[in-house]
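Q: Predicted model and sequence follow; I will ask about them next.
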Amino acid sequence: MESFWKKLIFCWTIIQGGIIIAGLIELSFGCDIPTKIRGAWYSRENNIDTVTRFDASTMSGRGRCIYKKEEYLVNYTFLFEQDNCYHCVRIMVRTINILEKIETGCINFPNQIRPPKMEQVCGSLNPSQNLITFFAETFSPVNCRPSLEGVWHFAYQNRFRFTGECNHPDAYIQSCQTPGTQFLITNQKFNITYRACEGMTGTFDGSVEYSCLGAWFVGKNLFFAVANTKESRRDEKYRCFLRNRDDDLFIAASITAECNTLKGTESAPERLRITPVKAEVVTPGCKFPESYSGEWVNTANLDADVIINSTHIVETWYPDEGRWRKTTYVCRETRGSRYLMARLTVDGCQKDFICFDFVPKHQNIIRFRKSLAMIKDDFSTVCSWVQFPNRNEWKYDLLLAKYPVPIRCPVAGKFNFTQRGEAPFETRILGGVTQSPRPGVYCKTNISDLSVCDKDQKEIRVDENYCLSVDYLGRPVDIYSDPDYKMKCIGFWKENLKSYLITYDELDAFSRYRCWVYQRSDLTRVLMSLSVGPFCDLNQDVDSWNHTQGAAVALVMEEYERERDQCPMYFDDGSDPYKPEESRIQIFSFDESSQLSFTPYLFLPVFILIFSVNYN
């Protein structure tokens, strides 16, 4: 038993010793500078060209690393010691070629508290100081697409050379990618061609070729660094550029090897005002149906504005406030419902090809779907059915008329409804406060009412708190109240065994277009679900009521037409949206042939009446 305890104590001593040794090793050799930071870096500090070198444990001019703190594998805080002088240095890895640095000055400590803790030294680090940018001495160019891609005309101004803006028609920025090229260096460079403006000293003619060193975001600002491929002087070789997400048609450029001089596009030393231009022109080879021409809204792309003529589709969409993008499609070839299109992005360099599969236009709607984009101009390849996304469940995207013409609603009548949803219909006054007070009316019964009772049954009116009471003659008591919502029907159809309806409301603050899924469940009972936005989600059904299925509210409606309402019920499930609308006016022809054909029938009641009188 005694030998057992001796062995146990011996093993415990060995384990504790190993832990202590491991801790000493970590304390002594734990500060290992990452490989991506090591090497020689050029920077401009206090207007002095500086080269800083890192190895596995030291930094030139700062000494030996004794502590290290790592955050997200890109932010590193180091504590360096050199001759009783301690520096806290924070390094931010922006790209493989760019680092940024902030640091404290030299801080001394008495002998009894050496080495100090990192918190004692780094507590005085000012995070708002100007960042020092490190450029890799032996850099590796990267692809320019994240930094800059496209062809632009630009006008430029330089605060230190001339006043005003030089706007020359032949000044261009060209940053074009060549997909699949074996010479990757062609995708790692871009050119800026400057042109001198007449009468403006300080402007010049010249072309600069830059290699891309990488891009990074700081808030909404996109910084990207470059190296002049034709320059050997360090202070003239490296430059920084800045673009803002909210206003990306301006580029700020530094005139020194510093990024901290770029605070925004308005106050930069040099500013470029860019305008995207087309890089190629494609000759159309087919035409669209005449009914497609006009202005449309693409609900599948952030309600993009679409203009269609006989050969082109121009789509302008707005990814953010103040920003826009434009894409042009040129009709190349058509077979049946499929159209081979050449796609040209205005701020891009290359064209690719995509296939549209259109459902013939009906009412105010064009339904379509798009294939995968390819670089080959071949109908059998691009428009092959396998190029369209092959999902188990899918539906067509929608182009809705920008200025729709109302049509007869597929659901008409007077309905009492109950609702359930995250954004239910609410009582409101259209147009704001009325000019004069409305008379008080006593209502015995109030309901939620949905009515399609206008002459042509083209407008849905919703009153969340409708007075149902009538007077002794059966006439409605409340004749002064207006509905809370007015929506015009502009199109309906049936797809995937679901009936869809699109309505248009000019006063809708969120989306003028709304999509409904509707179904008749009984002789006088109709179910409807209203979408959150201008299109119906694939998962939305007649009983959907929340955002997880793309719906805002679900309605259960019961028909209740009264004697004096004169609001007949009507229902169309949308199986054939192309059938002509029923005429609301019956036209009789009274030419000679019609008079002869109708004469026996016109005189038949008179003959019967005379015969019956004589018989009696």
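A: Thanks, I have it. Residues are numbered from 1 along each chain as shown.

Q: any idea how far residue 319 is from the spatially closest residue to residue 322 that is not a sequence neighbour?
A: Distances taken as C-beta to C-beta, 6 or more residues apart in numbering put residue 246 closest to residue 322, at 5.2 Å, once the chain neighbours are dropped. C-beta here means a position set from N, CA and C on the backbone, and glycine is covered the same way. Residue 246 sits 11 Å away from residue 319, going by C-beta to C-beta, to the nearest Å.

Q: Next: residue 474.
A: From residue 474 to residue 319 the distance is 56 Å (C-beta to C-beta).

Q: between these two, who's got more neighbours?
A: More neighbours surround residue 319 than the other of residue 474 and residue 319, with 13 against 10 (other C-beta atoms under 10 Å).

Q: wait, that one sits on residue 325?
A: Yes - using C-beta atoms under 8 Å, residue 319 is in contact with residue 325, at 6.3 Å.

Q: What is the neighbour count of the residue nearest to residue 322?
A: Residue 246 - counted by other C-beta under 10 Å - has 11 other residues nearby.

Q: pLDDT value on it, please?
A: Residue 246 carries a pLDDT score of 82 in this model.

Q: dump the residue contacts of it.
A: Taking C-beta atoms under 8 Å, 6 or more residues apart in numbering, we find residue 246 in contact with 220, 320-323.

Q: Most neighbours among the residues you listed, which one?
A: Neighbour counts for these peak at residue 323, which has 14 neighbours (criterion: other C-beta under 10 Å).

Q: separation between that one and residue 246?
A: Counting by C-beta to C-beta, the gap from residue 323 to residue 246 is 7 Å.

Q: Give the helix, strand or coil label for residue 215.
A: Secondary structure state of residue 215, per DSSP: H, G, I helix; E, B strand; the rest coil, is strand.

Q: Quick check, it in contact with residue 224.
A: Yes - at 3.8 Å, residue 215 counts as touching residue 224 under the criterion of C-beta under 8 Å.

Q: on that earlier part again, which of the contacts of residue 246 fall in strands?
A: 320, 323 (DSSP state E).

Q: now, which of the contacts of residue 246 sits nearest residue 450?
A: Comparing these against residue 450 with C-beta to C-beta places residue 321 closest, at 34.9 Å.

Q: Excluding sequence neighbours, find me the nearest residue to the closest one.
A: Leaving aside its sequence neighbours, residue 321 sits nearest to residue 246 (C-beta to C-beta, 6+ apart; 6.9 Å).

Q: Could you measure from the one you found over to residue 505?
A: Taken as C-beta to C-beta, the span from residue 246 to residue 505 is 30 Å.

Q: Check residue 461 too.
A: Residue 461 sits 11 Å away from residue 505, going by C-beta to C-beta.

Q: host element of residue 315?
A: strand 312-320 (DSSP states H and E).

Q: cool, residue 361 as well?
A: Going by DSSP H and E, residue 361 is part of strand 351-362.

Q: same check, this time on residue 236
A: Using DSSP H and E, residue 236 falls within helix 234-237.

Q: Touching that helix from outside, list them.
A: 42, 44, 49, 227-228, 231, 256-257.

Q: Next: stretch 297-312.
A: 284, 286-288, 290, 292-296, 313-319, 328-331, 397-402, 511, 513, 533-535.

Q: 6 Å instead?
A: With C-beta atoms under 6 Å, 6 or more residues apart in numbering as the test, stretch 297-312 has contacts from 284, 287-288, 292-293, 295-296, 314-317, 330-331, 397-400, 402, 534-535.

Q: Name the helix or strand of the protein that has the lowest mean pLDDT.
A: Least confident helix or strand of the chain, by mean pLDDT, DSSP states H and E, is helix 592-615 with a mean of 41.

Q: ok, back up a step: got the buried residues for the strand holding residue 361?
A: 351-358, 361-362 (16 or more other C-beta atoms under 10 Å).

Q: What is the nearest of those to residue 250?
A: Relative to residue 250, and with distances defined as C-beta to C-beta, the nearest of these is residue 351, at 26.8 Å.

Q: Look up the residues forming beta bridges with the closest one.
A: On the basis of DSSP bridges, residue 351 is bridged to residue 344.

Q: any idea how far it lies from residue 369?
A: Remark: distance between residue 351 and residue 369 (C-beta to C-beta) = 21 Å.

Q: what's the closest non-adjacent residue to residue 185?
A: residue 141 (6.8 Å).

Q: got the contact list for the closest residue to residue 388 other than its chain neighbours?
A: Once flanking residues are discounted, residue 388 sits nearest to residue 371: 5.0 Å by C-beta to C-beta, 6+ apart. Residue 371 sits next to 354-355, 387-388 when contact means C-beta under 6 Å, 6+ apart.

Q: how about a cut-off of 8 Å?
A: Neighbours of residue 371 in contact, by C-beta under 8 Å, 6+ apart: 354-357, 382-384, 387-388.

Q: In JSON lines: the residues you listed, plus distance to residue 266.
A: Below are these laid out as JSON lines (distance: C-beta to C-beta, whole Å):
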{"residue": "354", "distance to residue 266": "38"}
{"residue": "355", "distance to residue 266": "44"}
{"residue": "356", "distance to residue 266": "42"}
{"residue": "357", "distance to residue 266": "46"}
{"residue": "382", "distance to residue 266": "44"}
{"residue": "383", "distance to residue 266": "47"}
{"residue": "384", "distance to residue 266": "50"}
{"residue": "387", "distance to residue 266": "46"}
{"residue": "388", "distance to residue 266": "46"}
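
Q: now for those residues, which pair is the farthest apart?
A: Maximum pairwise distance among these (C-beta to C-beta): 13.7 Å, between 356 and 384.

Q: Quick check: the gap between the most centrally placed residue in the chain and residue 55.
A: By C-alpha atoms, centre = their mean, the mean C-alpha position of the chain lies nearest to residue 319, the distance being 4.2 Å. Applying C-beta to C-beta, the value for residue 319 to residue 55 is 45 Å.

Q: go on, residue 375?
A: Per C-beta to C-beta, residue 375 is found 46 Å from residue 55.

Q: Neighbours of residue 153, how many?
A: If you count neighbours by other C-beta under 10 Å, residue 153 ends up with 16.

Q: Can you name the residues that contact it?
A: Residue 153 sits next to 169, 171-172, 274-275, 277 when contact means C-beta under 8 Å, 6+ apart.

Q: and if you look at residue 294?
A: Residue 294 sits next to 307-308, 401-402 when contact means C-beta under 8 Å, 6+ apart.

Q: Derive a ChimeraX selection command for the buried subset of the residues you listed.
A: To isolate the buried subset of the contacts of residue 294 in ChimeraX, counting by 16+ other C-beta under 10 Å, use the following:
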select :308,401
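
Q: can I get the contacts of residue 294 in a markdown table with secondary structure and distance to residue 76?
A: Below are these laid out as a markdown table (DSSP: H, G, I helix; E, B strand; the rest coil; distance: C-beta to C-beta, whole Å):
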| residue | secondary structure | distance to residue 76 |
| --- | --- | --- |
| 307 | strand | 52 |
| 308 | strand | 54 |
| 401 | strand | 57 |
| 402 | coil | 53 |
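
Q: Take the contacts of residue 294 and lay them out in a markdown table including distance to residue 455 and pLDDT.
A: Converted to a markdown table, these look like this (distance: C-beta to C-beta, whole Å; pLDDT from 0 to 100):
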| residue | distance to residue 455 | pLDDT |
| --- | --- | --- |
| 307 | 34 | 97 |
| 308 | 33 | 97 |
| 401 | 22 | 97 |
| 402 | 26 | 96 |
